[in-house]
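**Student:** Provide a 3D model corresponding to the input given below.
(chains A and B)
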Amino acid sequence: MTDKKNQVSRRQFLNYTLTGVGGFMGAAMIAPMVGFAVDPLLKGEKETDFVYVMDVDEITNEPQRKTFSTDQVDGWYESQAEHTAWIFRTEEDEILALSPVCTHLGCVVDWNSNEEYPDQFYCPCHDGRYNKLGENLPNTPPTEPLHAYEYRIEDGKLLLGKAKSRKGA
Amino acid sequence: MLHKLYDWIDERLDITPIWRDIADHEVPEHVNPAHHFSAFVYCFGGLTFFVTVIQVLSGMFLTMYYVPDIVNAWESVKYLQTQVAHGQIVRGMHHWGASVVIVMIFLHTLRVFFQGAYKKPRELNWIVGVLLFFVMLGLGFTGYLLPWDNKAFFATQVGLEIAESVPYIGGDLKTLLAGDPEIVGAKTLARFFAIHVFFLPAALFALMGAHFIMIRRQGISGPL
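**Tutor:** I've put the predicted structure just below:
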């Protein structure tokens, strides 16, 4: 178009300006909507309440199945969430409260339920197995031990919080 | 990079003529505000389309949180407006855009009417435009109920009674709209939601397609 180098032609200038202004307007339009959509990622993890589950002196060496519920705020819907824990004392006299959720694909494991595998946590979905401490047994599908609930003891009462992964622990 | 990608696709599918047909066309002098400032009146159709795009986008995002249920609808709207990031902005866009789009469509109609642009051979496009206007009013009417607050409820009550006042078929028409002969409630809300997000938008897109194809085929009407 022109003899001078690096000179922007009228058409180019208009193209750039229109693209720029249009892009800016589009971005201003889309940005709040994207933030709106990814809001679940922006919300931090909620603090967990510790909830009374059982008295400490009732805890035996045999895992006992206990259920408890926590307040759950799910957006605009508030409800009670049900949780299950297998609670027992280990040989080292430590309290262990295991989550029954299989670490393979999230089915529910049961203690001592399969006659072929006594004194193990057994998952019926894909034959996942864990020993009494909730450690996954080799050559079964699970890739990490059963999660354990954080616990607190107050006035001889056992309070449970959130189930946390014990991988690498 | 983008250029190469474009060339790669173009070499195989020859897409350049397609988008040339859509995007590349002369703007006559008499509709260009750079030549005659009064030509800004030709912008209202495009502005209607622009606001419609905003309505569609913001509406899509709102349905991520909104539930059309009489127990939860209001709570979900409150949640998305007060707890979700930019919720007030996104709902605000949809709320105000709904009014703006009616204003724009009305100004566009006025321009076409007073310039006589609806006359032969463009009568069909005028008819489609009037249908688009009705669809837009329907979207406004059905969307108004969705927050399920008092204003929404009683406005819909009034709207349904207007429908009922139609001779002969009024009663059936009201039942059909509300989903119940007496109650304005759960069934009404679910119905209005379905009409608002599926049926009317489908009609809107089809009619807009026809509207645009016709204007491209016939061209903008000549200068006054």
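**Student:** packing partners for the lengthiest strand in chain A?
**Tutor:** Of all the segments of type strand in chain A, defined by DSSP state E, the longest one is strand A:77-89. Counting contacts by 3 or more C-beta pairs under 8 Å, 6 or more residues apart in numbering or on different chains; DSSP states H and E, strand A:77-89 is packed against strand A:51-55, strand A:64-74, strand A:95-98, strand A:157-164. Quick note: C-beta positions are derived from backbone N, CA and C, even for glycine.
**Student:** Including mean pLDDT, distance to B:H30 and mean neighbour count, could these go into a markdown table?
**Tutor:** Formatted as a markdown table, these follow (pLDDT from 0 to 100; distance: least, C-beta to C-beta, whole Å; neighbours: other C-beta atoms under 10 Å in any protein chain shown):
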| stretch | mean pLDDT | distance to B:H30 | mean neighbour count |
| --- | --- | --- | --- |
| strand A:51-55 | 92 | 75 | 16 |
| strand A:64-74 | 91 | 58 | 12 |
| strand A:95-98 | 93 | 79 | 21 |
| strand A:157-164 | 92 | 70 | 18 |
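**Student:** got any ranges where chain A has weak pLDDT?
**Tutor:** A:1-4, A:168-169 (pLDDT under 70).
**Student:** what do you get if the cut-off is 90, keeping everything else the same?
**Tutor:** A:1-8, A:43-49, A:56-57, A:71-73, A:91-94, A:112-118, A:166-169 (pLDDT under 90).
**Student:** Distance from the chain centre to stretch B:152-162, please.
**Tutor:** Computed by C-alpha atoms, centre = their mean, to the nearest Å, the separation of stretch B:152-162 from the middle of its chain amounts to 21 Å.
**Student:** pLDDT averaged over that stretch, what's the number?
**Tutor:** For stretch B:152-162, mean pLDDT rounds to 96.
**Student:** got it, and stretch B:171-190?
**Tutor:** Stretch B:171-190 comes out at a mean pLDDT of 95.
**Student:** likewise stretch B:8-20?
**Tutor:** Here the average pLDDT along stretch B:8-20 is 91.
**Student:** Can you get me the start-to-end distance on it?
**Tutor:** 17 Å (C-alpha to C-alpha, to the nearest Å).
**Student:** Contacts for it next, please.
**Tutor:** By C-beta atoms under 8 Å, 6 or more residues apart in numbering or on different chains, no surrounding residue is in contact with stretch B:8-20.
**Student:** does chain A sit close to stretch B:51-64?
**Tutor:** Yes: against chain A, stretch B:51-64 shows contacts by C-beta under 8 Å from any C-beta of the partner chain at B:I54, B:L57, B:S58, B:F61, B:M64.
**Student:** Selecting buried members of these in ChimeraX, what would you type?
**Tutor:** Buried subset of these, written as a ChimeraX selection, criterion 16 or more other C-beta atoms under 10 Å in any protein chain shown:
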select /B:54,57,58,61
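**Student:** before we move on, what SS does B:A117 have?
**Tutor:** coil (DSSP: H, G, I helix; E, B strand; the rest coil).
**Student:** circling back: and the longest strand of chain A, how far from the chain's centre?
**Tutor:** Distance, stretch centre to chain centre, for strand A:77-89: 14 Å (C-alpha atoms, centre = their mean).
**Student:** could you point out which element follows the lowest-mean-pLDDT helix or strand in chain B?
**Tutor:** For chain B, the helix or strand with the lowest mean confidence is helix B:16-23, at a mean of 85 (criterion: mean pLDDT, DSSP states H and E). Going down the chain from helix B:16-23, the next helix or strand is helix B:43-62, by DSSP states H and E.
**Student:** could you dump the residues of stretch B:51-64 next to chain A to a markdown table with distance to A:Y149 and pLDDT?
**Tutor:** Below are the residues of stretch B:51-64 next to chain A laid out as a markdown table (distance: C-beta to C-beta, whole Å; pLDDT from 0 to 100):
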| residue | distance to A:Y149 | pLDDT |
| --- | --- | --- |
| B:I54 | 48 | 96 |
| B:L57 | 44 | 97 |
| B:S58 | 42 | 97 |
| B:F61 | 37 | 97 |
| B:M64 | 32 | 96 |
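**Student:** Close to chain B: what parts of chain A are there?
**Tutor:** A:29-33, A:35-39, A:42, A:75-77.
**Student:** Try it again at 6 Å.
**Tutor:** Contact residues (C-beta under 6 Å from any C-beta of the partner chain) of chain A with chain B: A:P32, A:M33, A:G35, A:F36, A:A37, A:D39, A:L42, A:G75, A:W76.
**Student:** Could you identify which of those residues has the most neighbours?
**Tutor:** When neighbours are counted by other C-beta atoms under 10 Å in any protein chain shown, A:F36 leads those with 22 neighbours.
**Student:** how about that one, secondary structure?
**Tutor:** A:F36 is classified as helix under three-state DSSP.
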